[in-house]
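A.B. asks: let's see this in three dimensions:
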Amino acid sequence: MPTRMNLNCDLGESFGSWKIGMDEAVMPHVDQANIACGFHAGDPLVMTKTLALAKEYDVCVGAHPGYPDLVGFGRRSLNASDAEIQSLVQYQMAALDGMAAVQGIDMQYVKPHGALYNDMMSKDKVRNSIMQAVASYHRPIVLMLQGTPDAAKHRAEAEKLGLEVWFEAFADRCYEDDGRLMARTKKGAVHCTEKMLAQVRLLCEKGTVITASGKEIALHANTLCVHGDNMDGVNAIAQIRQIVLGN
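C.D. replies: Below is the predicted model of the structure:
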């Protein structure tokens, strides 16, 4: 385990007149901003404002590409070909990269969103397509994916392509015994604040989590995903940051 995990958060997910999340309140407490690129959420103006906010607080910026599914918020899997996945990922990367460059910001990583992220973790072909897309970008970019017991395998896959990866854990999600996230449709899939803070402490102290069945398993993680779409969530992020900093 690293001496301190970074905190990452999905941001820039408002769209037009629809406001989602509390980006202004969250940004001061995180290290990495996963910014929506317009396919599942976000639009050019939202991207511009979110990038400016990240620059104000010196937060590392990453692209948060998803399936082209605004209606479903990118949470519905699409039967896309390898070529389609590579192109839709690179298209969204390029959009955020260009918008960031206008403000003098370097986009440093990619973290897929929603169903695209889930497919990346469960389907070898989708993961390979995403890795190919990021590895063949015109400059080096890091790929963020879930830290599971298969982390060594996934790192080896990335290394074959010359791709650097960061592994993430989730502060507020319950884990199954195989190290994967419990489906949101199941009871107890999302932790209450007390359980979330306990999970963060355990991750920081031992690099482990307690699964739904009560088993303690090891997770390798460079970064911790947090969510702040309401004030309770924002307050919890502030508490998580104190735990991560060792205070």
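
A.B. asks: ok now do residue 28, which residues does it touch?
C.D. replies: Contact analysis of residue 28 by Cβ atoms under 8 Å, 6 or more residues apart in numbering lists residue 57. All C-beta atoms are positioned from the backbone trio N, CA, C, and that covers glycine.

A.B. asks: how close does it get to residue 22?
C.D. replies: 11 Å (Cβ to Cβ, to the nearest Å).

A.B. asks: equivalent analysis for residue 129, please.
C.D. replies: Summarising the geometry, the distance separating residue 129 from residue 22, computed by Cβ to Cβ, is 33 Å.

A.B. asks: which of these two has more neighbours?
C.D. replies: Per other Cβ atoms under 10 Å, whichever of residue 129 and residue 22 has more neighbours is residue 129, with 23 against 16.

A.B. asks: mind naming the longest helix for the chain?
C.D. replies: With residue count as the measure and DSSP state H as the assignment, the chain has helix 82-102 as its longest helix.

A.B. asks: downstream of that helix, the next helix or strand is which one?
C.D. replies: For helix 82-102, the succeeding helix or strand toward the C-terminus, using DSSP states H and E, is strand 107-110.

A.B. asks: helices and strands around that following strand, which ones?
C.D. replies: Using 3 or more Cβ pairs under 8 Å, 6 or more residues apart in numbering; DSSP states H and E as the contact criterion, the elements in contact with strand 107-110 are strand 60-64, helix 82-102, strand 142-146.

A.B. asks: next SSE after it?
C.D. replies: Later in the chain than strand 107-110, the nearest helix or strand by DSSP H and E is helix 114-122.

A.B. asks: now the element after that following helix, going C-ward?
C.D. replies: Toward the C-terminus, helix 114-122 is succeeded by helix 124-135 as the next helix or strand (DSSP H and E).

A.B. asks: next, the buried residues of that next one.
C.D. replies: 126, 127, 128, 129, 130, 131, 132, 133, 134, 135 (16 or more other Cβ atoms under 10 Å).

A.B. asks: which other helices and strands contact it?
C.D. replies: Other helices and strands packing on helix 124-135, by 3+ Cβ pairs under 8 Å, 6+ apart, are helix 82-102, helix 114-122, strand 142-146, helix 151-160.

A.B. asks: between helix 114-122 and it, find me the angle.
C.D. replies: Direction vectors for helix 124-135 and helix 114-122, defined by axes from the mean of the first three to the mean of the last three Cα atoms, to 10 degrees, enclose an angle of 110 degrees.

A.B. asks: please tell me how far residue 178 sits from residue 23.
C.D. replies: The spacing between residue 178 and residue 23, counted by Cβ to Cβ, is 33 Å.

A.B. asks: hmm, residue 104 is touching residue 51, no?
C.D. replies: No: applying Cβ atoms under 8 Å as the test, residue 104 and residue 51 come out as separate, 9.9 Å apart.

A.B. asks: these two: who's more crowded?
C.D. replies: When residue 104 and residue 51 are compared for neighbours, residue 51 comes out ahead with 25 against 8, by other Cβ under 10 Å.

A.B. asks: just the C-alphas of the helix or strand the more buried one falls within, formatted as CSV.
C.D. replies: Secondary-structure element containing residue 51, defined by DSSP H and E: helix 44-56. Only the C-alpha atoms of helix 44-56 are listed here, as CSV (Å, rounded to 0.1, in the frame of the first residue of the first chain):
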residue,chain,number,x,y,z
PRO,A,44,-18.6,22.1,-23.4
LEU,A,45,-19.5,24.8,-20.9
VAL,A,46,-19.7,22.4,-17.9
MET,A,47,-16.3,20.9,-19.0
THR,A,48,-14.8,24.4,-19.2
LYS,A,49,-16.1,25.4,-15.7
THR,A,50,-15.0,22.1,-14.1
LEU,A,51,-11.5,22.4,-15.6
ALA,A,52,-11.2,25.9,-14.3
LEU,A,53,-12.3,24.7,-10.8
ALA,A,54,-9.7,21.9,-10.9
LYS,A,55,-7.0,24.4,-11.9
GLU,A,56,-8.0,26.7,-9.0
